[in-house]
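**Student:** just coords:
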């Protein structure tokens, strides 16, 4: 997959899937805008990648910061071709009846409103230049309730619906919108899940999780015409046929 000259913005780029996606996309020739709250971490990653990467400190729960990040990407690279809505949190994991309302709402602000803010800021830019690709990191939690994850399940379900809306409203103007459900991935989030001891996911062994490189490679493949049959839909890396198409094993 050749993304030479394409401009990509990745939210939650400081670690895990986001950081690995930045590396994979840069290797494919793309310019990558690394967006995250962790300024030092994205600056270090941008230095590792080289001149094709810029670090943009941003809190995705604030629309004006997301809009400014899109503007900064366009200023640096001349446009925006791909938006990867990856930023997401799961902490604090707690039962619904004892959850902290403010903390619960903040997860919604990041995982759901952050996805909307990215789409809202990016879609007009992409439509003005003939189109672009918007991929949201989804989850099995978008479709199945899990104990202690009411905030996460709710936010991921909403983000999945947002992605379908982006496809319905944007397809005619060149917007390619779809979701990626990676399954359980070996990232820092899994340590938080394990420590909670709640629901079956917390019982999984570390070896049960796939490496972050897999969803990163899937995201790259989703930017190609080969993935067009999934527009407006969600791709699951649990599907062996999908893994075969992408070249994962």
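**Tutor:** Noted; the coordinates are in hand. Not measured: the values here are computed from a predicted model.
**Student:** thought residue 34 was touching residue 15?
**Tutor:** No: Residue 34 is beyond contact range of residue 15, at 10.8 Å (criterion: C-beta atoms under 8 Å). For the C-beta atoms, the positions are set from N, CA and C on the backbone; glycine is no exception.
**Student:** where along the protein do the strands fall?
**Tutor:** 7-11, 31-36, 53-57, 82-85, 132-137, 175-181, 234-236 (DSSP state E).
**Student:** Return the list of strands paired to the last one, each annotated with direction.
**Tutor:** Taking DSSP bridges as the criterion, strand 234-236 pairs within the sheet with strand 175-181 (parallel).
**Student:** List of residues touching the partner strand?
**Tutor:** Strand 175-181 is contacted from outside by 123, 126-127, 131-140, 142, 159-160, 163-164, 166-167, 169-171, 215, 218-219, 222, 227-228, 230-238, using C-beta atoms under 8 Å, 6 or more residues apart in numbering.
**Student:** The residue lying closest to residue 142 once chain neighbours are set aside and residue 138, how far apart?
**Tutor:** Nearest residue to residue 142 in three dimensions, chain neighbours excluded: residue 156, at 3.9 Å (C-beta to C-beta, 6 or more residues apart in numbering). To residue 138, residue 156 is 6 Å away according to C-beta to C-beta, to the nearest Å.
**Student:** So if I had to pick from those two, which one is more boxed in?
**Tutor:** Taking other C-beta atoms under 10 Å, residue 156 and residue 138 do not tie; residue 156 has more neighbours (27 against 24).
**Student:** Pull the distance from stretch 93-107 to the chain's centre.
**Tutor:** Distance, stretch centre to chain centre, for stretch 93-107: 22 Å (C-alpha atoms, centre = their mean, to the nearest Å).
**Student:** tell me which residues in it are buried?
**Tutor:** 93, 94, 99, 104, 106, 107 (16 or more other C-beta atoms under 10 Å).
**Student:** Which residues are in contact with the residue nearest the centre of the chain?
**Tutor:** Closest to where the C-alpha atoms of the chain average out (C-alpha atoms, centre = their mean) is residue 86, at 1.8 Å. Taking C-beta under 8 Å, 6+ apart, we find residue 86 in contact with 10, 11, 12, 13, 17, 18, 21, 137.
**Student:** neighbour-wise, which of residue 34 and residue 15 wins?
**Tutor:** residue 34 (32 against 17).
**Student:** Before we move on, what's the pLDDT of the more buried one?
**Tutor:** Model confidence at residue 34, given as pLDDT, is 98.
**Student:** cool, residue 208 as well?
**Tutor:** With respect to pLDDT, residue 208 has a value of 86.
**Student:** one step back: which one of the buried residues of stretch 93-107 sits closest to residue 1?
**Tutor:** residue 107 (32.7 Å; C-beta to C-beta).
**Student:** The closest one touches residue 89, doesn't it?
**Tutor:** Yes: with contact defined as C-beta under 8 Å, residue 107 reaches residue 89; the gap is 5.8 Å.
**Student:** Near residue 196, how many residues? Count them for me, please.
**Tutor:** 18.
**Student:** That one: what's it in contact with?
**Tutor:** Contacts of residue 196 (C-beta under 8 Å, 6+ apart): 93, 148, 202.
**Student:** how about the second one, phi and psi?
**Tutor:** The phi/psi pair for residue 148 (degrees, to the nearest 10) reads phi 80, psi 0.
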